[in-house]
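Chemist: All I have is the shape, not the residue letters:
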């Protein structure tokens, strides 16, 4: 019995097909199949290209305007179902398209039943057979080297607040990945959307993690930039920096503070500890032997300069000083003090020798080994 509510010809849409590719896309395929007898078919490059009048397609889809027809056809192209040979729908008198399947035999002009749609009152078996036939026709395709996302795909990504430039930056890796895998898919547009959304979420997660204040945790490690600042620019031993991490983590874990700038905190901590370490080494009160390459500090030369002692003279007696105390294998808490006493003693002796020579007398010469340590410590002749 025909209903008065449906006076026009109906569009038969298989539910399974609509569930697979989308309702609008399934409706468009059904309309194109109904218009097949009116289409002009031409084989080209292994495909059967169909050309139908734009007005016929517009009349068959009064519920869509030209922009919506273009959108649905573009979606079918992105899903790998249709090949579109026309510009924007409505801008030309004809609409050219092809089903994405290779033609095994030349197409017949006039009628091209590429997709057979069910007749009125189809049985369930006929409908299932039709779905199978359509599914086989709409085969998967491989990703081309020059593939580009459609404007609709970029618009869909924009709805997720993803910038277009970010999406296009992911395109080279996307193409390389899927071409190397040599997998075929029905919709590369949908694949690209999934790929970009995943990359965007990963990008936002890393950005938020960097900017977010967090509590100190046991697995915390300084960033590579922080390590470069300490080891390269500050010249701090890498081993010293790594040894400072457990102490730093434990201290701030017990404090329970939440900060955004843990790397800056760590840099300050290590620099302070490094200064304390160097100061402790330089001013250690523990007796130690004199190193082979020992050099007096700048403070020693400042004291000698204030005492009007020639610095070149002080440097000339340095090798003798090092050799003597290395041979003696004695240890002292401050070699700077020892060297200062040594230079002052020999400078005073030099002055005394000059005075005696001017008076016509020749003083007795004594080597350093002949002078006792007590005599050196109590010597004040340099101050005369």
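Modeler: It's in. All figures in this text were calculated on a predicted structure; none of them were measured in a lab.

Chemist: Quick one: the strands in the chain, in order.
Modeler: For the chain, the strands defined by DSSP state E cover 40-44, 47-53, 82-84, 94-99, 141-142, 184-185, 214-215, 258-259.

Chemist: Same list (those strands) but as CSV, adding distance to residue 338.
Modeler: (Glycine included, C-beta is placed from N, CA and C.) Conversion of the strands of the chain to CSV gives the following (distance: least, CB to CB, whole Å):
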stretch, distance to residue 338
strand 40-44, 99
strand 47-53, 97
strand 82-84, 93
strand 94-99, 97
strand 141-142, 83
strand 184-185, 82
strand 214-215, 52
strand 258-259, 48
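
Chemist: Tell me which of those sits most buried.
Modeler: Stretch with highest mean neighbour count among these: strand 94-99 (a mean of 21; mean count of other CB atoms under 10 Å).

Chemist: Any regions of the stretch 251-384 of the chain where pLDDT drops low?
Modeler: In the prediction, the stretch 251-384 of the chain carries residues with pLDDT under 70 at positions 280-285, 354-384.

Chemist: same thing but 80
Modeler: Low-confidence segments of the stretch 251-384 of the chain, defined by pLDDT under 80: 260, 279-286, 333, 352-384.

Chemist: closest to residue 326 out of the strands of the chain?
Modeler: Closest approach to residue 326 among these (CB to CB): strand 258-259, 50.3 Å.

Chemist: Can you tell me which helices and strands the closest one packs against?
Modeler: Counting contacts by 3 or more CB pairs under 8 Å, 6 or more residues apart in numbering; DSSP states H and E, the secondary-structure elements packed against strand 258-259 are strand 214-215.

Chemist: Go ahead and confirm residue 222 touches residue 264.
Modeler: No - under the criterion of CB atoms under 8 Å, residue 222 lies out of contact with residue 264, with a separation of 10.1 Å.

Chemist: and these two? which has more neighbours close in?
Modeler: When residue 222 and residue 264 are compared on other CB atoms under 10 Å, the one with more neighbours turns out to be residue 222, at 21 against 12.

Chemist: Once you drop chain neighbours, what's closest to the more buried one?
Modeler: On the basis of CB to CB, 6 or more residues apart in numbering, the spatially nearest residue to residue 222 that is not a chain neighbour turns out to be residue 266, at 5.0 Å.

Chemist: and the one you found, how many neighbours?
Modeler: Counted with other CB under 10 Å, the burial measure for residue 266 works out to 24 neighbours.

Chemist: still on that earlier bit, so which of the strands of the chain is nearest residue 63?
Modeler: Distance to residue 63, taken as CB to CB, is lowest for strand 94-99 among these, at 17.2 Å.
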